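> here is my input, please return the structure:
(3 chains)
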Amino acid sequence: MRNAVGRDIPDELLVNGKEVYQGKNYMDGKYIQKASPRTRRYEKPQESKIVDSLVDALKACGAKDGMTFSFHHHLRNGDFVVNMVMKAAIEELGLKDLIIAATSLGDAHDPIADYIEQGKVVGIQTSGIRGRMGEVVSNGKLKTPAIIRSHGGRPRAIEAGEVHIDIAFVAAPTSDCVGNCRGIGGKSNCGSLGYAMTDAKYANHVVVVTDCLVDFPNMPASVEAIDVDAVVVVDSIGNPKKIASAAARISQNPRDLMMAENVAKVIASTPYFKEGFSFQTGVGGPSLAANLFLEKYMDERGIKMGWAIGGICGPMVEMLKKGKVGKVIDVQDFDLDAVNSINQTPGHYEMSASQYANPANKGAFVNKLDFVVLAALEIDTGFNVNVLTGSDGVLRGAPGGHPDTAAGSKCCIIVTPLVRGRMATVCEHVVTVTTPGDCVDVLVTDYGIAVNPLRPDLIECLDRAGIPHVSIESLKEKAYSIVGRPDPVQFEDHVVAVLEARDGTILDVVRQIKPYTFED
Amino acid sequence: MIKRPKPERFRLRRTMMFMNAQKPGLIKDAYIYGCDSIMLDLEDAVAENQKDAARFSLYHALTTIDYGETEVIVRINGLDTPHWQEDIRVCVAGGADGIRIAKCESAQDVRTVEAAVEAAEREFGVEVGRTLLMAALESPKGILNAYEICSASDRMLGCAISGGDFRKCMQTKFQPDGVDMLVARGQMLMAARAAGVQCFDTVFTDLDDNEGFEAEVRQNKAMGFDGKSLINPKQIRLVHQIFAPTEKEVMQAEAMVRAFREAAAAGIGVFTVNGKMVDVAFIPGAERTLRLAKACGMYEGDLV
Amino acid sequence: MQIEKSAMAGTLESSDALVTVEPGNQGIELEISSSVMNQYGRQIRATVLETLERLEVKSGHVTVVDKGALDCTLKARVECAVFRSCDKSAAGIPWGGVIR
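Numbers count the residues shown, from 1 in each chain, chains lettered A, B, ... in the order given. Predicted structure coming up:
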């Protein structure tokens, strides 16, 4: 069945009430019955929940074949915990048919690809999938289609019972003996633990894995002992160098800077750019650099940013410290400046993934967002964005908060170079739709700006400010005139991943890649 | 194949950005940054054993990439190398707007290049005289001969000083106040103006020293340079900002040119602006100001 | 032209291609690997073959390791490699003739 972004969704996926994507805010006003976990009572006072090993923790939680284990991705590419837990479960306990439900997965999890090929891991639910895991899934090695959700879509699915977590493993930079965890104060600090919070509340069992045990009580706790069954102390939960970079530097690339300046110009031309406005930006080159130019416009107009959300890094913390932004609410930290600031700098708070972006709760921050500046691997003439699959059709990205912030914000700006090497970023049809075009308002490229025709008000803003803009079709044509018109990527029929829209409908599917041949 | 319009000998050249002709990723769209001229480099940026490969890249870049309004100049290898003749052939065949003669020291150097350019124009069926020339003055001798160099050919659009080599010759180093090259810059400017050609300052290489760069560009403008050579697109904006006329200058220039044209149309030789008599000698300058203002987005009228 | 000895042109930098030509006598044996194979493999092959045909190269082993080069770069690299293989790359290139 064809959905609202023109993607053909196989009928066999449309079971148990699953629908195809119908457009933004389709589920507004509907009621959901929240799922509840089945948890164990710990009535008798316990001195400590520390167990000797992951195996003991797995046993204590009744781990068995076919279970769903959840993980957060705050340790990013430095994470050791996913591999450690899966190794204990599969190689030491001999478990199989396991499902990994992670908030995101990356290159650090290459070893899991082996477990997929061996058929031990049969399901993946995640926002991001990259590296070898992306390749084996794209090659059709995973038994069931991977389910890809946005950061807001995941807590929605968990709350609705669409994902039921048997055991949540919380990698914790610090924990006390009963499982109060924080993202700071240890040796593998990651700052916010926002993505772990919903998992811990809805999982049947919760195991904290830490490499830094601290005195009780570890306060203020991000994940609380009231939800934790066991604590495991390991040598190291991750490689600190890969968890948080030293400092996210603002790009010096002239192309990035040129685009960033145009992003700031667009923002400054809209009526939302006023005292107290709210803002989120990615950490990609041009997105982050937009901060720099935005500050200039804020100074010129004598206004301040009310609040900023998102994955946070140094430049935003710097603005908070300078008093240019009132509050920073943080679901994830990207560099040490942000890690060291959360809950320390006045006005820098932690939030959960649900609070950040869940479309089914009653007050996610994204819904109050004025501007979001985001990157894209591809964007098509319908303003649909792909941040998941490479131009070769292989899974190597993550929707993350992209679809959530795009849908919630008043003005969503995509910033990307028109071409990357020989790849046309602006194209006729994206390989996979990860953010639907009805949520995207403006595209800024190094060859010009295009505004979504759905936003005549923004077109008027740009015209009034004398900011030149063109149609997205003409940008696509320019791109193709430089790199040539690409041949469509060839896929098999077999669906290897289902891309869920944030509201739970099906936005797109990813199919198995076909090896390339020169047959004409 | 892209056909570039006939090059204008005197046009706006506030910014000339160097680009390695051998780097496909750089040259494919260098025009997007809005510099007035691109300087594709076959000389220092290209390793000795890649000169041949750079010419193939350059030829296809010149003939397939639409640089639009951006002027395309090529810096060729010095006359003391085995490369310059083939460099000239590829520039002319590819339709480059101009050629920058490296290490130019005499009028004879210009004439040597001119002869080779003319031969190439005939060989490749290009209109004779189409390809412009400019001289890079890199030594004290070049500076001392600046006037004869600038007047050596009708193809000459101007000259530029090349700071790195020049400072070495003079046994000095970069000085923040510009005293290291003050005389050379002054002498070259005078020679260029006397010969009626344009004059460009050297590159500023420390990309982290924004204040130093701004100070140098301000001095360039104050001294009367037409523009500056650049090594990075991020330098473009500041040069354009500093070289932009003030609003008052634009208004004055517009009034002057308008009054002059009205008087000329009415057959009147003498004219006034705001009650003051204006000398015809000011008109070319006023027109230049308006062209500059137009390029800076400060003037939208139709007088230029 | 005839490929007289092994020669290379280009780099493995992004947006470039490394082209190697070697003598052979069994027609054109072309090997292509590319970071954009799925979408541009066909066009890369067509461009390389057209260029070789223009240069009247009838035989030889040609290897292209493409890193997302545009057509104009591919042409330049193939041409340079072929001219280098005949020691003719330094001067007297037929610009606008077979090089176009």
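
> from here on, contacts and neighbour counts on C-alpha atoms
Fine.

> what's the neighbour count on C:Gly97?
11 (other CA atoms under 10 Å in any protein chain shown).

> can you check A:Ala424 too?
Neighbours of A:Ala424 (other CA under 10 Å): 28.

> what does A:Arg149 give?
Count around A:Arg149 with other CA under 10 Å applied: 30.

> that one against A:Ala497, yeah?
No: counting by CA atoms under 8 Å, A:Arg149 stays clear of A:Ala497, with 10.5 Å between them.

> and C:Val21, helix, strand or coil?
Under DSSP: H, G, I helix; E, B strand; the rest coil, the three-state class of C:Val21 is strand.

> so it bridges to which residues?
C:Ala7, C:Val62 (DSSP bridges).

> measure it to B:Gln22 for me?
20 Å (CA to CA, to the nearest Å).

> and chain C, which residues reach chain A?
C:14-15, C:36-42, C:67-71 (CA under 8 Å from any CA of the partner chain).

> among these, which one has the most neighbours?
C:Ala69 (28 neighbours).

> now that one. Its backbone dihedrals?
Note on C:Ala69: its backbone torsions stand at phi -70, psi 150 [degrees, to the nearest 10].

> which of the residues of chain C next to chain A are close to chain B?
Okay, of the residues of chain C next to chain A touching chain B (CA under 8 Å from any CA), that's C:14-15, C:69.

> looking at the residues you listed, which one is closest to chain A?
C:Ser15 (4.9 Å; CA to the nearest CA).

> gap between the residue lying closest to that closest one once chain neighbours are set aside and A:Gly390?
Spatial nearest neighbour of C:Ser15, chain neighbours left out: C:Ala69 (4.2 Å); criterion: CA to CA, 6 or more residues apart in numbering or on different chains. Between C:Ala69 and A:Gly390 the computed distance is 17 Å (CA to CA).

> same thing with A:Ala376?
11 Å.

> repeat for A:Asp52
Taking CA to CA, one finds A:Asp52 at 42 Å from A:Gly390.

> of these two, which one has the most company?
Using other CA under 10 Å as the criterion, A:Asp52 and A:Gly390 rank with A:Gly390 on top: 18 against 13.

> surely that one and A:Arg420 touch.
No: using CA under 8 Å, A:Gly390 is not in contact with A:Arg420; the gap is 11.8 Å.

> for the residue in the stretch 51-200 of chain B that chain A sits nearest to, give me its contacts.
Residue of the stretch 51-200 of chain B nearest chain A, by CA to the nearest CA: B:Ile65 (8.3 Å). B:Ile65 sits next to B:2, B:28-29 when contact means CA atoms under 8 Å, 6 or more residues apart in numbering or on different chains.

> just the buried ones from the residues you listed?
B:28-29 (16 or more other CA atoms under 10 Å in any protein chain shown).

> and the residue of chain B that's closest to chain A?
Closest point on chain B to chain A, by CA to the nearest CA, is B:Lys234, at 5.4 Å.

> once you drop chain neighbours, what's closest to that residue?
Using CA to CA, 6+ apart, the closest residue to B:Lys234 is A:Pro254 (5.4 Å).

> just checking, that neighbour touches B:Gln235?
No: the pair A:Pro254 / B:Gln235 is not scored as a contact, 9.1 Å apart, by CA under 8 Å.

> of these two, which one has the most company?
Remark: of A:Pro254 and B:Gln235, B:Gln235 carries more neighbours, 23 against 15, as counted by other CA under 10 Å.

> at the geometric centre of the chain, which residue do we find?
Picking chain A for this. By CA atoms, centre = their mean, chain A has its centre lying nearest to A:Gly400, at 1.8 Å.

> that's the other chain; I wanted chain C
Central residue of chain C (CA atoms, centre = their mean): C:Val78, at 2.1 Å.

> part of a strand, is A:Tyr349?
Yes: residue state for A:Tyr349 (three-state DSSP) corresponds to a strand.

> any idea how far the residue lying closest to it once chain neighbours are set aside is from chain B?
Spatial nearest neighbour of A:Tyr349, chain neighbours left out: A:Ile329 (4.8 Å); criterion: CA to CA, 6+ apart. The gap separating A:Ile329 from chain B is 33 Å, by CA to the nearest CA, to the nearest Å.

> got it, and C:Gly92?
7 Å.

> A:Pro486 now?
18 Å.

> tell me the contacts of that residue?
Per CA under 8 Å, 6+ apart, neighbours of A:Pro486: A:480, C:39-40.

> in helices only, show me these.
A:480, C:39-40 (DSSP state H).

> ranges for the strands of chain B?
Shown for chain B, the strands assigned by DSSP state E span residues B:15-20, B:37-41, B:71-75, B:98-101, B:132-137, B:156-161, B:198-201, B:227-230, B:271-273, B:276-278.

> take those and lay them out in JSON lines including distance to chain C and mean neighbour count.
Listed next are those as JSON lines, based on distance: least, CA to the nearest CA, whole Å; neighbours: other CA atoms under 10 Å in any protein chain shown:
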{"stretch": "strand B:15-20", "distance to chain C": "14", "mean neighbour count": "24"}
{"stretch": "strand B:37-41", "distance to chain C": "15", "mean neighbour count": "24"}
{"stretch": "strand B:71-75", "distance to chain C": "16", "mean neighbour count": "25"}
{"stretch": "strand B:98-101", "distance to chain C": "17", "mean neighbour count": "26"}
{"stretch": "strand B:132-137", "distance to chain C": "19", "mean neighbour count": "26"}
{"stretch": "strand B:156-161", "distance to chain C": "25", "mean neighbour count": "27"}
{"stretch": "strand B:198-201", "distance to chain C": "31", "mean neighbour count": "26"}
{"stretch": "strand B:227-230", "distance to chain C": "23", "mean neighbour count": "24"}
{"stretch": "strand B:271-273", "distance to chain C": "54", "mean neighbour count": "15"}
{"stretch": "strand B:276-278", "distance to chain C": "53", "mean neighbour count": "11"}
